[in-house]
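*Asks:* Show me how the following folds:
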Amino acid sequence: RASESEGEKEAIVADFHKKIKDAFEVFDHESNNTVDVREIGTIIRSLGCCPTEGELHDLIAEVEEEEPTGFIRYEKFLPVMTKVLLERKYRPIPEDVLLRAFEVLDTAKHGFLTKEELIKYMTEEGEPFSQEEMEEMLSAAIDPESNSINYKEYITMMVIDEN
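*Replies:* A predicted model of the protein is given here:
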């Protein structure tokens, strides 16, 4: 789609601006065009982007004031976030890749992982999760009946539709 006309590009940017503004406003509790820096990750994810903790950290550093105030201003967030969306950065991992990752962990090829296995992998591999993140994910993923995760179903639920 390299042949996008200026008009089309402007329409895309305008659409992104609206989405970003709407997402930002949800957390702008004082209606003063600022949000708590801790809400930025949630805002970014609500826009369909899944940055790692490191990427999120860099992004926040980019939109923060010279003297960090604990708040992020809309004027600074908008251009940075628009660029992220235009460049399609931090896209969610495609379903087949996620599935393969789970299948590697599921050595017995049951089609599910137990809660214990999941906790083990989440605490021993990659970036550590906070207790809060872990509980949030487990409550979404684990079937209380079997105390395990049927990862095929979970992935389908996790993957955001592209359109």
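*Asks:* counting residues per helix, which one in the chain is longest?
*Replies:* As assigned by DSSP state H, the longest helix anywhere in the chain is helix 6-27.
*Asks:* got a list of contacts for that helix?
*Replies:* Applying Cβ atoms under 8 Å, 6 or more residues apart in numbering, the contact partners of helix 6-27 are 4, 31, 35-36, 39, 42-43, 46-47, 74, 77-78, 81-82, 85-86. Glycine gets a C-beta too; all of them are placed from N, C-alpha and C.
*Asks:* What does the residue most central in space within the chain show for phi and psi?
*Replies:* The residue lying closest to the centre of the chain (Cα atoms, centre = their mean) is C50, at 2.9 Å. Note on C50: backbone dihedrals following degrees, to the nearest 10 are phi -130, psi 70.
*Asks:* Can you name the residues that contact it?
*Replies:* Contacts of C50 by Cβ under 8 Å, 6+ apart are Y90, R91, P92, I93.
*Asks:* ok so, going back, C-terminal to the longest helix of the chain, what's the next element?
*Replies:* strand 34-36 (DSSP states H and E).
*Asks:* Now the helix or strand following that following strand: buried residues?
*Replies:* Next along the chain after strand 34-36, taking DSSP H and E as the criterion, comes helix 40-46. In terms of neighbour count (16 or more other Cβ atoms under 10 Å), helix 40-46 has its buried residues at I40, G41, I43, I44, R45, S46.
*Asks:* same deal with stretch 93-113?
*Replies:* L98, L99, F102, D106, F112, L113.
*Asks:* all helices for this structure, in order.
*Replies:* 6-27, 40-46, 53-63, 74-86, 95-105, 115-124, 131-141, 151-158.
*Asks:* Determine how far the fourth one lies from the middle of the whole chain.
*Replies:* The chain centroid and the centroid of helix 74-86 are separated by 15 Å, computed with Cα atoms, centre = their mean, to the nearest Å.
*Asks:* The worst-scoring helix or strand of the chain on mean pLDDT versus helix 131-141: what angle between them?
*Replies:* When each helix and strand of the chain is scored by mean pLDDT, DSSP states H and E, helix 151-158 comes last, with a mean of 79. Angle of helix 151-158 versus helix 131-141, following axes from the mean of the first three to the mean of the last three Cα atoms, to 10 degrees, is 110 degrees.
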